[in-house]
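Enquirer: With the sequence up front, the predicted model follows.
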Amino acid sequence: MASWNLRLGRYFGIPIDIHWTFWLLLIYVFFDGVANDGTPAEALVSVIFVVTLFACVVLHELGHALTARRFGITTRDITLYPIGGVARLERIPERPIEELLVAIAGPLVNVVIAGSLFLAGVRLPENAGQPTALTRTDFFSSLLLVNCVLVFFNLLPAFPMDGGRILRAFLAMFTDYVRATRIAAAMGQFMAILFGFLGLSGLPMMLFIALFVWLGATGEAGSVEQRFLLKDARVRDAMLVNYSRVRDTDTLGDVVKRLLSGSQSEFPVYDSTTERAVGLLTRNILISSLASLGADGLVKDCPIESLGTGQAKRSLIDAIQEMREASQSCLEVVDDNGVVVGLLTQENLAEFIMVRSAMKSGA
Ligand SMILES: [Zn+2]
């Protein structure tokens, strides 16, 4: 969907995009303004207000991105969604103190904006408790209010909010990173349940936030755990060494025998004349081809999958990432001289992660 996003430009070398759903929000605010007995001019002020609000969000994200840059981490891009901004950092800072500073820099920008407005004589609107009245009070009072809300909301100790990262970084100073993430994620899930109850008791917007927080907390815990378990692993550590291959001239009946007699469920397919790998025959393809071609059908008539190639010495995390992007389920592993030394399959990978995880918790 990248082409639907509007590129605002590059600031400090970081591309800033507006997600297409953002336009829906502006159109909604405009028509909502007109429908509530506002003149188009008043509705336009509401639209300008939303744009100004999102400028504050961009500054917030730039706060994260520019602090990360100080630690040598580049930001791929910043995207604005109707519910806020996301700065995609290339990686998460390794030292807890760096993550803490990167996470806190965003909300700090809003503190500075709110502080400047306050010093300029702007005060919070009197009807601050009613969000519907937000855009119909004084422009700058509302701007002060939303910056305060941004600070408060982002400091909630729940992933994917900044407060979750701050909490994790703080905990990581006393315990290991995986456990710190687990505690912070559990805290996030607890907050999500709390938001869920608030949502059910008459604040429907909170249900949406609850879901957002729950998914963020759960996703963060899972990916961090995997990243840490596989931190120093190479492709050769997780690859299958004893496995059978099939030739494109083999019959499906032959392959079925091998499927049933061993634990292997994915077979690299070799061209019988060139002796080179041409693809991958998975269990699913084998079964469906068996139904259509019969046991005498040939492997070369099956719709085989593509098979990637990976260096044995490569980092396992990078290899997994590449397999995901190319939607390959298997990698043929080669050594420095290009000689095939193994096969990296999803099943083996899952086993490898399980074993590492068990070893870590035993240690
Ligand atoms: Zn932030």
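Expert: Perfect, thanks for sending it. Residues are numbered from 1 along each chain as shown.
Enquirer: buried set for the longest helix anywhere in the chain?
Expert: Looking across the chain with DSSP state H, the single longest helix is helix 40-70. Residues of helix 40-70 classed as buried by neighbour count (16 or more other CB atoms under 10 Å): 43, 46-47, 49-50, 53-54, 56-69. The C-beta positions use only the backbone N, C-alpha and C, and glycine is treated the same way.
Enquirer: What helices and strands are in contact with that helix?
Expert: The criterion is 3 or more CB pairs under 8 Å, 6 or more residues apart in numbering; DSSP states H and E, and the helices and strands that helix 40-70 contacts are strand 14-18, helix 21-35, strand 75-81, strand 84-89, helix 96-119, helix 139-154.
Enquirer: switch to 7 Å and redo it
Expert: With contacts defined as 3 or more CB pairs under 7 Å, 6 or more residues apart in numbering; DSSP states H and E, the packing partners of helix 40-70 are helix 21-35, strand 75-81, strand 84-89, helix 96-119, helix 139-154.
Enquirer: mind listing the helices in the stretch 101-250 of the chain by residue range?
Expert: Counting by DSSP state H, counting those that start in this stretch, the stretch 101-250 of the chain forms helices over residues 139-154, 162-172, 177-200, 204-229, 235-238, given from the N-terminal end onward.
Enquirer: so which of those gets nearest Thr79?
Expert: Across the helices of the stretch 101-250 of the chain, the minimum distance to Thr79, taken as CB to CB, is reached by helix 204-229, at 15.2 Å.
Enquirer: Strand 84-89 and the helix-or-strand element of the chain with minimal mean pLDDT, what's the angle between them?
Expert: Ranked by mean pLDDT, DSSP states H and E, the weakest helix or strand in the chain is helix 204-229, scoring a mean of 75. If you take axes from the mean of the first three to the mean of the last three CA atoms, to 10 degrees, helix 204-229 sits at 10 degrees to strand 84-89.
Enquirer: Please report how far the residue in the chain that the ion sits nearest to lies from Ile113.
Expert: For the chain and the ion, the shortest gap (CB to the ion) falls at Gly106, measuring 3.2 Å. Separation of Gly106 from Ile113 (CB to CB, to the nearest Å): 12 Å.
Enquirer: In terms of neighbours, single out the busier of these two.
Expert: Gly106 (27 against 21; other CB atoms under 10 Å).
Enquirer: Could you pull up the contacting residues of that one?
Expert: Residues in contact with Gly106 (CB atoms under 7 Å, 6 or more residues apart in numbering) are 60-61, 63-64, 154, 162.
Enquirer: Could you restrict these to the ones contacting the ion?
Expert: Filtering the contacts of Gly106 for neighbours of the ion using CB under 5 Å from the ion leaves Asp162.
Enquirer: Out of the contacts of Gly106, which is nearest to Ala210?
Expert: Ranked by distance to Ala210 (CB to CB), the contacts of Gly106 are led by Asn154 at 16.4 Å.
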